[in-house]
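# Okay, here's the prediction I keep looking at, along with the sequence it came from:
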Amino acid sequence: MSRIIKKEVAIGIISAGLILLLSASSLWGMTAKKVIENMEKSYAKQMKNVEDMTIFNKPAGGMAMLAGKSVTYLKRAKVNGKMIYKTRNETKIMGKTMVTIYDGIYNWSVDPTSGEVKKKEAKYIQDPTQIWRNLEPSETHYLGIEEIEEKKAYILKIDNPFKVLGKPPTKALKKERSAEGKIWVNAENWTLMRTLIITSGKSEEGEEVTTKITVELKDYRPVNGMLFPYKITSNTEMEMPGLSEEEKKETQAVVGRMMSFEIITTEIKVNTGLSDDLFDGTRLKPGKPMFQMPMPLPES
């Protein structure tokens, strides 16, 4: 081998080594804090021209099919010194409209059983466009990189998943004994790609139960400078150690049919000048109960 060829080989080896070293350094240098900061910067840039949004959704599969189409309204507002989006959701259920409101401080709703207006202080910011607000670096841990549909995603483990992702819509557990959560963040545009909540505890019957709820956010499209997922899928798995293999399969089949669903966004309107009245919980009026509680059995 001539000196020139040897020199070229040596340069190639050194260049490849430098590329690997730089790549490894960027991977090792990533932290939960940096991911959160980049999410914040990206969302701030995307949402700067969005004063309000009206989002039209339709359900597909599972219990979501019991409800009809829904409309979500968002409006930017400054509450307690923080810029957030107030939220109003209207969902058709059995021909009636169920309304929930988040005004930046309280959650408002009309109880479907009693028909009474309920007001409850929100412990955490419930702004669906700014999930990073509830991510505390001290309670969030960087786990590495994973590919989702050929896209790199940073994985973060969350100590308090309910604070960040909200309470799972399931009554499978009488009381959670433990809970953990993870989120996957797109390494290129810092959008949320996947969330996971795992809860363990005992059911009403005293049986050990573990539930896993995985939510995928897909089909991101630009809307007035903002990236929005037009498809959200939720899949629920339930594990009960005391069951036989056949019983586990049957249980999971039922859980999958009932508690796994898909939400498709059909249309989004931006900056239409939504009225503040839409987000005023005091304007909600009591109504007739949507669901009737079962009558107690007579004593024998």
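Cool, got the structure.
# From now on I want contacts and neighbour counts done on CA atoms only, so please keep to that.
OK.
# what packs against the top strand by length along the chain?
For the chain, the longest strand by residue count, based on DSSP state E, is strand 208-223. If you count contacts as 3 or more Cα pairs under 8 Å, 6 or more residues apart in numbering; DSSP states H and E, strand 208-223 packs onto strand 192-202, strand 226-239.
# just the angle between the last one and strand 208-223, please?
The directions of strand 226-239 and strand 208-223 differ by 160 degrees, with axes from the mean of the first three to the mean of the last three Cα atoms, to 10 degrees as the criterion.
# Need the winner for burial among the helices and strands packed on strand 208-223.
For the helices and strands packed on strand 208-223, the stretch with the most neighbours on average is strand 192-202, a mean of 21; neighbours defined as mean count of other Cα atoms under 10 Å.
# tell me the angle of it relative to strand 226-239?
Using the same axes, to 10 degrees: strand 192-202 against strand 226-239 is 30 degrees.
# Next up, the contacts around Val35.
154, 185, 190 (Cα atoms under 8 Å, 6 or more residues apart in numbering).
# what do you get for Val71?
Taking Cα under 8 Å, 6+ apart, one finds 54-57, 89-91 in contact with Val71.
# and it, that one's in a helix?
No: assessed with DSSP: H, G, I helix; E, B strand; the rest coil, Val71 is strand; it does not lie in a helix.
# Got the confidence number for the residue nearest to it when sequence neighbours are not counted?
Computed as Cα to Cα, 6 or more residues apart in numbering, the closest residue to Val71 that is not its neighbour in sequence is Phe56, at 4.7 Å. Looking at Phe56, its pLDDT is 96.
# Specify the beta-bridge partners of Phe56.
For Phe56, the beta-bridge partners are Val71, Glu267 (DSSP bridges).
# Distance check, it against Ile125.
23 Å (Cα to Cα, to the nearest Å).
# of these two, who's got more company?
Ile125 (23 against 17; other Cα atoms under 10 Å).
# Surely that one and Gly104 touch.
Yes: look at Ile125 against Gly104 with Cα atoms under 8 Å: they come within range, at 6.9 Å.
# so where do the strands sit in this protein?
52-60, 67-79, 82-93, 96-102, 106-110, 117-121, 140-148, 151-158, 175-186, 192-202, 208-223, 226-239, 261-270.
# show me the contacts for the residue nearest to Met193 when sequence neighbours are not counted.
Closest residue to Met193 apart from its sequence neighbours, by Cα to Cα, 6+ apart: Leu217 at 5.0 Å. By Cα under 8 Å, 6+ apart, Leu217 lies in contact with 192-194, 229-233.
# Let's have those residues in CSV, adding pLDDT.
Formatted as CSV, the contacts of Leu217 follow (pLDDT from 0 to 100):
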residue, pLDDT
Leu192, 93
Met193, 95
Arg194, 95
Pro229, 94
Tyr230, 95
Lys231, 94
Ile232, 92
Thr233, 92
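# what sits against Ser70?
56-58, 89-92.
# Distance check, it against Val50.
For Ser70 relative to Val50 (Cα to Cα), the value is 21 Å.
# before we move on, back to that, will you turn the helices and strands packed on strand 208-223 into JSON lines that also has distance to Glu150?
Conversion of the helices and strands packed on strand 208-223 to JSON lines gives the following (distance: least, Cα to Cα, whole Å):
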{"stretch": "strand 192-202", "distance to Glu150": "12"}
{"stretch": "strand 226-239", "distance to Glu150": "17"}
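# what about the ones you listed, which gets the closest to Met83?
Minimum separation from Met83 across the helices and strands packed on strand 208-223 (Cα to Cα) falls at strand 226-239, 16.6 Å.
# Pick the one among the contacts of Val35 closest to Ser42.
Trp190 (6.6 Å).
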